[in-house]
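A.B. asks: Have a look at this prediction, sequence included:
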Amino acid sequence: MTDRIKIALTKGRVEKQTLPLLEQAGFNMAPVRDNKRKLIFDLPDDPYTVILAKGPDVSTYLSQGAVDIGIVGSDILTEQQNQAYELLDLGIGKCQFVLASTKDFDPKASRRKVIGTKYPLITQRYFAEKGEDVEVVKIEGSVELAPLIGMADAIVDITETGTTLRENHLQIYDRLQEVSTRVVVNPMSLKQHRQEIFDFVDRLNEVIKKPQAN
Ligand SMILES: Nc1ncnc2c1ncn2[C@@H]1O[C@H](COP(=O)(O)OP(=O)(O)OP(=O)(O)O)[C@@H](O)[C@H]1O
Ligand SMILES: O=P(O)(O)OC[C@H]1O[C@H](OP(=O)(O)OP(=O)(O)O)[C@H](O)[C@@H]1O
């Protein structure tokens, strides 16, 4: 029997957008669709096992060699400095990093700023490139709160529609980088399971090359 290839899929938003692509590629995703609290699924007709995990953990499992393939946002890959090979940009989960704050924020102010973010490394790098030393405070979610409650001068976060920023009266001061969902592979797995990994990627690639409905 061939070994099953382990695919770590970021649960939540990425999972929701990736499932239809996997189905169009002919994978039977019913076990994942019917899921309540299960985390590991053997795909019925293919030699792949899907593991649902939080994005940062997908990246960690890949680095540790615990999974062969990861489906995860480029935001997380960059933040964690993941060395996995990127095989495909799925063109979903598209958003961008921005520097945002309230309307009275002065990006040119000379005092040392406090910046709230879920992405400390990306934030430090951005300010370092500008030659600016800032204090970065790690926040786990609803990052937009930080400038509103006076905990940070500004935030570095991802935005898609801009709704969250708008609803919270925050404005964009700079745009850092684009983000999308990537298919990445552990280099060791690529050596051992080249055929199965490229079969998976080729099937997905066929789907994303076609124009998508809606
Ligand atoms: N607003 C957004 N629009 C598009 N893609 C997004 C957006 N927010 C996040 N993403 C992408 O989706 C990935 C997963 O985000 P998601 O919000 O599902 O997980 P999370 O940040 O762990 O949040 P939570 O734990 O609140 O569900 C991110 O790593 C990023 O690549
Ligand atoms: O520009 P928008 O379309 O409004 O999207 C932006 C929001 O999406 C993400 O949050 P998420 O929904 O992941 O929740 P979180 O704040 O708990 O991370 C991000 O951190 C923003 O808050």
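C.D. replies: Received the coordinates, thanks. Ligands and ions are numbered 1, 2, ... in the order given.
A.B. asks: what residues are up against the residue positioned nearest the centre of the chain?
C.D. replies: Centrality entry for the chain: nearest residue to the mean C-alpha point is residue 73, 1.8 Å, by Cα atoms, centre = their mean. With Cβ atoms under 8 Å, 6 or more residues apart in numbering as the criterion, the residues that contact residue 73 are 10, 14, 55, 93, 179, 180, 181, 182. Just so you know, the C-beta spots here come from the backbone N, C-alpha and C atoms, and that holds for glycine as well.
A.B. asks: Buried among the residues you listed? Need that as a selection in ChimeraX.
C.D. replies: Listed next is the ChimeraX selection for buried residues among the contacts of residue 73, using 16 or more other Cβ atoms under 10 Å:
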select :10,14,55,93,179,181,182
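A.B. asks: which one of the contacts of residue 73 is nearest residue 79?
C.D. replies: residue 55 (9.4 Å; Cβ to Cβ).
A.B. asks: per-residue confidence at the residue in the chain that ligand 1 sits nearest to?
C.D. replies: Per Cβ to the nearest ligand atom, residue 73 is where the chain lies closest to ligand 1, at 2.0 Å. In this prediction, residue 73 carries a pLDDT score of 98.
A.B. asks: Get me the contact residues on this structure for ligand 2.
C.D. replies: 141, 142, 143, 144, 157, 158, 159, 160, 161, 162, 163, 164 (Cβ under 6 Å from any ligand atom).
A.B. asks: So for the helix of greatest length in the chain, what gets flagged as buried?
C.D. replies: Using DSSP state H to define each element, the chain has its longest helix at helix 194-209. Buried positions in helix 194-209, judged by neighbour count with 16+ other Cβ under 10 Å: 196, 197, 200, 201, 203, 204, 207, 208.
A.B. asks: And for stretch 7-25?
C.D. replies: 7-11, 14-15, 17-19, 21-22, 24-25.
A.B. asks: pLDDT of stretch 203-214, averaged?
C.D. replies: The average pLDDT within stretch 203-214 is 86.
A.B. asks: circling back to that earlier point, who's the residue nearest to the centre of the chain bridged to?
C.D. replies: residue 181 (DSSP bridges).
A.B. asks: helices and strands around the longest helix of the chain, which ones?
C.D. replies: With contacts taken as 3 or more Cβ pairs under 8 Å, 6 or more residues apart in numbering; DSSP states H and E, helix 194-209 sits against strand 5-10, helix 13-24, strand 85-89, strand 181-185.
A.B. asks: how about those in TSV, adding mean pLDDT and distance to residue 137?
C.D. replies: Putting the helices and strands packed on helix 194-209 into TSV (pLDDT from 0 to 100; distance: least, Cβ to Cβ, whole Å) gives the following:
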stretch	mean pLDDT	distance to residue 137
strand 5-10	98	25
helix 13-24	97	24
strand 85-89	97	30
strand 181-185	98	27
